[in-house]
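*Asks:* 3D, please:
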Amino acid sequence: MMMNLFSSFDPTSNFNVSLNWLSTLIGILIIPPMFWLIPSRLNMLWTKIIMTLHMEFKILLGNYKSQGSTLIFIALFAIILFNNFLGLFPYIFTSTSHMTMTLSLALPLWLSFMIYGWTNNTMFMLAHLIPQGTPPMLMPFMVCIETISNMIRPGTLAIRLSANMIAGHLLMTLLGNTGSMMSIYMLNVLIIVQILLLTLETAVSMIQSYVFAVLSTLYSSEVN
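*Replies:* Model (predicted):
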């Protein structure tokens, strides 16, 4: 019996080793066959997604500095998308619902942007703390607000992803636990609701991986 609603998200350990985190690497097994076989529909779909993301990220970064820079954000989108999708399957650990995973993605990216920006474009970073057209009296407050908003960016990226993944899974778990107490008619309704929620979670998985990658791209474009 669960002592806590969130205990279903806890990693379990066998032989003092948490094997649940291996689910993060399962997506890698799906990728290699696409590059060794005759182009399939899956390969063509994935190529189309990559090219679309590349064109969009190139616009966000700027054409003159986008050579190869979009690849890291496409890879980030891919790893989050694979992990979000895998978490929808029964008995597979959802690694993106844990701050350990999401902060490990957001914090190094944000730190690298900040170190690069403050090292190479110090004056631009200082000017960025005061939005254009700010009255002189409000400048000290705007510097404080912009600094705080900049500092919490990795936290908001990580919390947004993990909270969205937890919310849907938790709702499905709560509804699923009530199934044993329902009549046969209500059970049919519950199954339909669960299928609709699963469809919604599939959309959320794609949207959240896209949002994470786009926001990371925007944060990168701000330091150049």
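
*Asks:* and for Val214, nearest residue in space, chain neighbours not counted?
*Replies:* Spatially, and ignoring its direct neighbours in sequence, Val214 is nearest to Leu60 (7.2 Å; CB to CB, 6 or more residues apart in numbering). For the C-beta atoms, the positions are set from N, CA and C on the backbone; glycine is no exception.

*Asks:* in the helix of greatest length in the chain, what's buried?
*Replies:* If you go by DSSP state H, the chain has its longest helix at helix 184-222. For helix 184-222, burial by neighbour count (16 or more other CB atoms under 10 Å) applies to 197, 201, 204-205, 208-209, 211-217, 219-221.

*Asks:* pick the one among those closest to Ala127.
*Replies:* Ser221 (15.3 Å; CB to CB).

*Asks:* so that closest one makes contact with Phe57?
*Replies:* No. With contact defined as CB atoms under 8 Å, Ser221 and Phe57 do not form a contacting pair (9.3 Å).

*Asks:* quick one on the thing from earlier: same for the longest helix of the chain, what does it pack against?
*Replies:* Here helix 184-222 touches helix 41-61, helix 69-86, helix 99-120, helix 153-177, going by 3 or more CB pairs under 8 Å, 6 or more residues apart in numbering; DSSP states H and E.

*Asks:* what angle separates that helix from helix 153-177?
*Replies:* Interaxial angle of helix 184-222 relative to helix 153-177 (axes from the mean of the first three to the mean of the last three CA atoms, to 10 degrees): 170 degrees.

*Asks:* how far does helix 184-222 sit from the chain's center?
*Replies:* 11 Å (CA atoms, centre = their mean, to the nearest Å).

*Asks:* for stretch 90-105, same thing?
*Replies:* Mean-position distance between stretch 90-105 and its chain equals 10 Å (CA atoms, centre = their mean).

*Asks:* how near is Thr173 to Leu197?
*Replies:* According to CB to CB, to the nearest Å, Thr173 and Leu197 sit 11 Å apart.

*Asks:* let me redo that: Ser221
*Replies:* 35 Å.

*Asks:* next: Met182.
*Replies:* On the measure of CB to CB, Met182 and Leu197 end up 16 Å apart.

*Asks:* which SSE is Ile28 in?
*Replies:* For Ile28, the host element (DSSP states H and E) is helix 23-30.

*Asks:* for that helix, give me every contacting residue.
*Replies:* Helix 23-30 has contacts (CB atoms under 8 Å, 6 or more residues apart in numbering) with Ala78, Ile79, Phe82, Asn83, Phe85, Leu86, Gly87, Ile92, Phe93, Thr94, Ser95, Met101.

*Asks:* and the longest helix of the chain, what's its mean pLDDT?
*Replies:* The average pLDDT for helix 184-222 rounds to 89.
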